[in-house]
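**Q** coordinates only, sequence not included:
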């Protein structure tokens, strides 16, 4: 059995009711639920929430809410792995044989089903613990600078002042969309960011963190542009 776990607690502070706020005319969580369903990979799509309104909306959109997320893992400090571990353990304790789980963020409206399938295939063909979405930095990190207390710039890597951009190694960061893992890896608290993880590279046009209202507006611009392609 393979499950999708969509964390969606009710206590978002910077963008109130963020997980069900309308995004281009639909609750933002609907895009994650739809992508999971369209991937054809999951036996169950679970929304892990402590909020009854979010649970109701999620069920209307075709997800299940078989449990209420415990208060101790519904605060600002709880990480992704703990939420998925709780869901995996809940199913295992009820006799379900879980082989893999995929955490999909509720605020990932640019997510594409084909990359969920790519992550699944990469993980199941390997002995890795996780496969998750990454994307490249738009500018070489070796050219990063800091601003000193006097307002001057100070290169982090002065040895690369004269290095051509095309000669610098590409760098990647977490794209904040999905995290495939074996049930055992989630259950045993295997670190996500380690040599046991595979990076699934997404085009930058599909990646936008949504932490502020400005991020939200930017994501809507990107979504509309992609929809016109």
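**A** Cool, got the structure. Since this is a predicted model, take the numbers as computed values, not measurements.

**Q** tell me the strands beside the longest strand seen in the chain, with direction?
**A** Using DSSP state E to define each element, the chain has its longest strand at strand 172-182. Here strand 172-182 is paired, per DSSP bridges, with strand 100-104 (antiparallel), strand 130-136 (antiparallel).

**Q** pLDDT on the shortest one, on average?
**A** Spelled out, that is strand 100-104. Strand 100-104 comes out with an average pLDDT of 98.

**Q** just to revisit the earlier point, tell me which helix or strand comes right after the longest strand of the chain.
**A** Proceeding N to C from strand 172-182, the next assigned helix or strand is helix 183-187, under DSSP states H and E.

**Q** what lines up beside the helix or strand that that following helix is followed by in the sheet?
**A** Per DSSP H and E, the first helix or strand lying C-terminal to helix 183-187 is strand 197-201. Sheet pairing here is set by DSSP bridges, and for strand 197-201 it gives strand 130-136 (parallel).

**Q** for residue 22, give me its contacts.
**A** residue 28 (Cβ atoms under 8 Å, 6 or more residues apart in numbering). Placement of C-beta: from N, CA and C, glycine included.

**Q** what about 10 Å?
**A** By Cβ atoms under 10 Å, 6 or more residues apart in numbering, the contact list for residue 22 reads 28, 30.

**Q** so what does it have for phi and psi?
**A** Backbone torsions of residue 22, given as degrees, to the nearest 10, read phi -60, psi 130.
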